[in-house]
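*Asks:* next comes the sequence, and after it the predicted model I'd like to discuss.
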Amino acid sequence: MSDVEDYTGRTGRNETREEQLDRNWAELLQELRVLQTGVQILAGFLLTLPFQQRFEKLDGWEVGLYLANVVIAALTTAFILLPVSVHRRLFRKRLKETLVSSADTITKIALGGIALLSAGTAALVFDVAAGRSAGVTAGGALLGVMVVMLVFVPLRLNKRATGRILPPARSKE
């Protein structure tokens, strides 16, 4: 059964608010673990590039794009770690709702960072391998696809799901 609230305000699960918050926190942590792995792989790839012979042949645009990607990777990593830091500060203060709500927002920001990092890394690779226009095209196209996948698809699914949950309108007789 879905944990989306139905029109009566129930979640469709037999759990207390505290149990729901605990479950939401656990789910967020699992999502952050998945995000962390992806960012680590991309960041690791980026950090090896300056040690390659071909790196010295990059032009100013490519070096700038590379450095921007490194900064985005570092900031995205920080956002992925932030909910853990917040948890450490709020631990045992009975602020689980604040923790879960803030972690949700932080995770959305981290997803945006990953979209930028993926598009920027693709732009750099295409730029070096196939030229500037290919790099800009690949980066822009990938960023567009990521926005659709990370923003519009979830919004569409949410709209579709909430449309099924609401009861049909009753006519006034």
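*Replies:* Thanks, I have the structure now. Numbers count the residues shown, from 1 in each chain.
*Asks:* helix, strand, or coil at Arg92?
*Replies:* coil (DSSP: H, G, I helix; E, B strand; the rest coil).
*Asks:* please report how far it lies from Asn24.
*Replies:* Using C-beta to C-beta, to the nearest Å, we find Arg92 at a distance of 18 Å from Asn24. Backbone N, C-alpha and C define where each C-beta goes, glycine included.
*Asks:* counting neighbours, go ahead and name the busier of these two.
*Replies:* Higher neighbour count among Arg92 and Asn24: Asn24, with 18 against 5, using other C-beta atoms under 10 Å.
*Asks:* helix or strand for that one, which one?
*Replies:* Per DSSP states H and E, Asn24 falls inside helix 17-48.
*Asks:* which of the residues in that helix are buried?
*Replies:* For helix 17-48, a neighbour-count test (16 or more other C-beta atoms under 10 Å) marks 20-21, 24-25, 28, 31-32, 35, 39, 42-43, 46 as buried.
*Asks:* check those residues and tell me the two furthest apart.
*Replies:* Gln20 and Leu46 (38.6 Å; C-beta to C-beta).
*Asks:* tell me how far the most centrally placed residue in the chain lies from Glu15.
*Replies:* Per C-alpha atoms, centre = their mean, the C-alpha nearest to the average position across the chain is that of Leu111, at 1.5 Å. Leu111 is 26 Å from Glu15, where distance means C-beta to C-beta.
*Asks:* ok, now Ser102?
*Replies:* Distance of Ser102 to Glu15, computed by C-beta to C-beta: 21 Å.
*Asks:* higher neighbour count, those two?
*Replies:* A direct count of neighbours by other C-beta under 10 Å for Ser102 and Glu15 places Ser102 higher, at 16 against 13.
*Asks:* need the contact list for the more buried one.
*Replies:* By C-beta atoms under 8 Å, 6 or more residues apart in numbering, the contact set of Ser102 is 83, 86.
*Asks:* okay, it: pLDDT?
*Replies:* Ser102 is assigned 94 on the pLDDT scale.
*Asks:* name the element it belongs to?
*Replies:* Using DSSP H and E, the element containing Ser102 is helix 96-130.
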